[in-house]
Structures are given as C-alpha cells and as structure tokens.
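Just the structure for this:
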Amino acid sequence: MGDLEDYHRRRVEGMLTNARTKADLQDLVRALDARNMRLQHLNRQLRLQLHQHRKDTP
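Numbering: from 1, shown residues only. Okay, the predicted model is just below:
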C-alpha cells in the first residue's frame, strides 16, 4: 500500500473510532462515497487517456 492509501486508511479508522453519533457515521459514509466517486471519475479519465494513447500509437 502506498503512503497516501495508508493515510486514508488511518484517517477512516480514526473517524470510525471517534464517531459518537449516527450523524457522525452518516458524515463518514458521505465523505467516503464522495471520495469513491472522485476516484471512479479519475479512473475513467485515465482509462480513456490510455485508450486514446494506444489508438494513436502505431
């Protein structure tokens, strides 16, 4: 795992540990969902760039 992945894992574990209410957990779920959406979008962009690069390279 990379340093950034370790950071996010520790951050989420800390948020889970410190969650005191249902609202805290809901905030965590929303934050994780937003991060997941950003990562999916980035993944899609990178796949498209790779596809375009392969298509343009003889």
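
which residues touch stretch 21-35?
By CB atoms under 8 Å, 6 or more residues apart in numbering, the residues outside stretch 21-35 that reach it are 8, 12, 15-16, 18-19. Heads up, the C-betas are built off the backbone N, CA and C, glycines and all.

What mean pLDDT does that stretch get?
Mean pLDDT, computed over stretch 21-35, is 94.

In CSV: the contacts of stretch 21-35, plus neighbour count and distance to His41.
Output for those, formatted as CSV (neighbours: other CB atoms under 10 Å; distance: CB to CB, whole Å):
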residue, neighbour count, distance to His41
His8, 14, 17
Val12, 14, 20
Met15, 15, 23
Leu16, 11, 25
Asn18, 9, 28
Ala19, 14, 27
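
Quick one: which of these has the lowest pLDDT value?
His8 (86).

Roughly how far does the closest residue to that one other than its chain neighbours sit from Arg54?
Using CB to CB, 6 or more residues apart in numbering and skipping residues adjacent in sequence, the residue nearest His8 is Arg35, 7.6 Å away. Separation of Arg35 from Arg54 (CB to CB, to the nearest Å): 29 Å.
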